[in-house]
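Novice: Provided below are the primary sequence and the corresponding predicted coordinates.
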Amino acid sequence: MVSIPVAILGLVPVIISAATNGSCSQEAGSLLQVRGPCEGNSSSRSCSGHLVPAAVDGVFKYARKDLPDLRLTKNDLEMVFETGCPPGGPLDVAQCSRVKNATYGAYRQILSESHEHLYKHGYAKWIEYRQSAVLMMFVCMYWNNDASPVDTCTEEERCSMITDKNEYDEVLKQQHSGGYAYLQINGTTQSTKWGNGWPGTGDVNPIVRVSLLHKSDGSSASADTLLGTSGLRLSVVNGGWATAADLQLPSKYDQEFQIAWGPIRDGMLPDTSVGGPSLKLQSGLAAAAPGSTVSGFSNTAVKAKMPPAAGSAITMAVIGDPCVGNMVGGGQCIFRAYYGVNKTLPTLLNAALPSVDVWYMTGDNFYDRYGIWTVGIFAQLSEAAQGTPLITTPGNHDYWQEGVSTLSTDNIVTGYDQFANGFMQFYAQDTAASFAPAAPPTKLIQPSGTSTSRFTSGNAFFDFSANPGSWRDYDAKPSNFYHYSIAGNVGFVVFTCVGKDPKDFVAEACTFMKTHNPDLVLFMGHYNKPGDGCDDGTDVPAAAKWALDNSDCSAFKGSGQAPYGPSGTAASRLKFLVGHNHCNCMTNFDLTENDQCLEDDASPGNVDGFIIGSHGMSWDPQSDPKCSARFGLPVLNTDNGKLVFSYAKLSLDTTKTHCSAIDIFCKENPGEVSRTDLWSAFLGTTPSAWEPSTSQPYGKGILTEVMENLLKCLADKGTLECSRDASLFDVWYSSDLV
């Protein structure tokens, strides 16, 4: 996802509606004012109310120790907050930078206080208006203005915020008197006091993981795999709310989660009894012929499916940027309630996965610092669904909760980022690290005293040598996320761009692919463009474009030719498949740099890849999306010598963020989401129209009849046949693999 610093914002219990006031353009309603610019009056003070002075007070309280060194006065802060930075403001760039640093210092202090309260009491404390004003100003000025040469916050953006302290306090008073709303996981109310959430499916299952082997060529030989033949990596995750299970293989890795999501560094927040027991992983290898199933490997009914033999067509489902929960350090999922993700997503996966050959998650998986949301979803997956091999890759929020390394945190006060360590153990992919495992730093091994040999020999398969606590060596080693393999007639090249330029690995993978010559090669990772921890030229589209010209993957340009894509000459046998941008769409090398999409009926020759990143996460209230967020089921298949990418659109489109409640267009187009709804969701509560009691069975944004029809078809006919039903799926892409 494109980053938003939201760790504390996810808990502010505010319901926002709007007031009218003279000539100002506002939303209708009552309580908090969400104002637009006032006609005929350019003064920001006339619209932004208490916001600026409250933000100034907040910075002075929470960053006071920084102010002397920064040589700042209240007047300096006020001028920057009200008029912005150069070229429009009166202050120089250096002064604006000092204001930015002070605001960031205040933001971190507020975050620290809230996290400390969470850690001690199990829920976040209420925050006052000046704290909220600091957080809103920090987000607006210093995060959502990538196109601006300097940090700024426009008058329109300031006036769209919560601008009235008295009304803010009144809403907090109402929230206090009403008590806490409770998060629901798997249909069971948890006493977390962490904001209202959608109930789940009501099912609680064991968590079983099925993964493809690194270097598998899709045949029974697969001599280059760690197993020395074809097969699968099979794993069981215990802890949290999941039903306990045991991996019953003769030889297995069996350890507590290390570094993250385990007994230390707040795995499942055990000290507050929030998420249940910390996590433990069992994993091993099992030989299997292509097209077969493996059963009896655990004390569950899961049957692990091997994809069909090399050269056979496959069907694949894709999910991107799924997001279900709001908490300190746990994620800000603005559309989680709009789509009822905690119920809609597992319901959809349970229906689709039993009839696909492999499925892929594009990263930013649940925006999860502690493992809570991840377990909450996967424990709802049926045993039939869990038998399908999963490929996934870490996103920027799987490394650092705020989405960038410069805002990372690793202490008891501000919280423990996972740096993708929890991610790599939970998803238990078979990767390049499997061939060179390494132990964690001794001081971090759990249980204390466990021999380092348990992580370097036998069934060990992670490189744990990254060292949280050493500033330049926090992030999990990239080799834990490097994977290539072939399933049926599709080759997968999976990698992260965090920590290292992946081109050497990509070149190795391309040589493998040229040797085995699948019909299609998919480049898979999270980032659709550089930034947020991914260096220029190392994101997935950039690596794919480089590979077409500079590696053995030139063998897969097919009918395409340089410059690929925009001129109708996209490589026909190589595509990229990413998330990060919160869209579900087709794109090409040029458009993805700007988070832009192609139309759904674009010519195949213009399509270099696909962005799947809208399954619960979306934009914040201060930005306008460059594409429409939507929730659906993307299905890729390679039957009949073609690549066909189909999409079952299950939601209303959401394209406008400045939509007022009195806007006739909005009333006639209920898919539009108002600014009021966005602010409410952004600050941690569910808009009343999105509440489960109002918008059952799936969520206000889900088209219930379409969803029900799709679920019935999936149960009766399976995913491939349903993807050919024009009443359920749109065919985005269809082209011969030549």
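Specialist: Arrived safely, thanks for sending. Residues are numbered from 1 along each chain as shown.
Novice: could you point out which element follows the longest helix along the chain?
Specialist: When every helix of the chain is counted residue by residue (DSSP state H), the longest turns out to be helix 93-121. Going down the chain from helix 93-121, the next helix or strand is helix 129-142, by DSSP states H and E.
Novice: in the helix or strand where residue 711 lies, what's buried?
Specialist: Here residue 711 sits within helix 704-717, counting by DSSP H and E. With burial defined by 16 or more other C-beta atoms under 10 Å, the residues of helix 704-717 counted as buried are 706, 707, 709, 710, 711, 713, 714. The way it works is simple: take the backbone N, C-alpha and C, and place the C-beta from them, glycine included.
Novice: still on that earlier bit, helices and strands around the longest helix of the chain, which ones?
Specialist: Judged by 3 or more C-beta pairs under 8 Å, 6 or more residues apart in numbering; DSSP states H and E, helix 93-121 is in contact with helix 51-62, helix 67-70, helix 74-83, helix 129-142.
Novice: compile the ones you listed into JSON lines and extend it with columns for mean neighbour count and distance to residue 302.
Specialist: Converted to JSON lines, these look like this (neighbours: other C-beta atoms under 10 Å; distance: least, C-beta to C-beta, whole Å):
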{"stretch": "helix 51-62", "mean neighbour count": "23", "distance to residue 302": "50"}
{"stretch": "helix 67-70", "mean neighbour count": "13", "distance to residue 302": "57"}
{"stretch": "helix 74-83", "mean neighbour count": "19", "distance to residue 302": "55"}
{"stretch": "helix 129-142", "mean neighbour count": "25", "distance to residue 302": "43"}
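Novice: tabulate those (JSON lines), appending distance to residue 209 and mean pLDDT.
Specialist: Listed next are the helices and strands packed on helix 93-121 as JSON lines, based on distance: least, C-beta to C-beta, whole Å; pLDDT from 0 to 100:
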{"stretch": "helix 51-62", "distance to residue 209": "43", "mean pLDDT": "91"}
{"stretch": "helix 67-70", "distance to residue 209": "49", "mean pLDDT": "74"}
{"stretch": "helix 74-83", "distance to residue 209": "48", "mean pLDDT": "84"}
{"stretch": "helix 129-142", "distance to residue 209": "36", "mean pLDDT": "82"}
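Novice: make CSV out of those helices and add distance to residue 310.
Specialist: Shown next, in CSV, are the helices and strands packed on helix 93-121 (distance: least, C-beta to C-beta, whole Å):
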stretch, distance to residue 310
helix 51-62, 60
helix 67-70, 62
helix 74-83, 61
helix 129-142, 49
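Novice: the residue lying closest to residue 161 once chain neighbours are set aside and residue 153: what is the separation?
Specialist: Among residues not flanking residue 161 along the chain, residue 136 sits closest, at 4.9 Å (C-beta to C-beta, 6 or more residues apart in numbering). As judged by C-beta to C-beta, to the nearest Å, residue 136 and residue 153 stand 9 Å apart.
Novice: ok, and what's touching the helix holding residue 711?
Specialist: With C-beta atoms under 8 Å, 6 or more residues apart in numbering as the test, helix 704-717 has contacts from 344, 347-348, 351-352, 355, 633, 648-650, 697-698, 721-722, 725, 727-728.
Novice: just those: which are in helices?
Specialist: 344, 347, 348, 351, 352, 721, 722.
Novice: tell me which element the closest residue to the second one other than its chain neighbours is part of?
Specialist: Okay, so that is residue 347. Using C-beta to C-beta, 6+ apart and skipping residues adjacent in sequence, the residue nearest residue 347 is residue 201, 5.9 Å away. Following DSSP H and E, there is no helix or strand that holds residue 201.
Novice: neighbours of residue 201, just the number please.
Specialist: Residue 201 is flanked by 20 other residues according to other C-beta atoms under 10 Å.
Novice: now tabulate the buried residues of helix 704-717 in TSV and tack on distance to residue 228 and pLDDT.
Specialist: Output for the buried residues of helix 704-717, formatted as TSV (distance: C-beta to C-beta, whole Å; pLDDT from 0 to 100):
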residue	distance to residue 228	pLDDT
706	47	96
707	45	97
709	46	98
710	41	98
711	41	98
713	41	98
714	37	98
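Novice: nearest to residue 323 among the residues you listed?
Specialist: residue 707 (18.7 Å; C-beta to C-beta).
Novice: the residue positioned nearest the centre of the chain and residue 449, how far apart?
Specialist: Nearest to the geometric centre of the chain sits residue 364, at 2.5 Å (C-alpha atoms, centre = their mean). As judged by C-beta to C-beta, residue 364 and residue 449 stand 36 Å apart.
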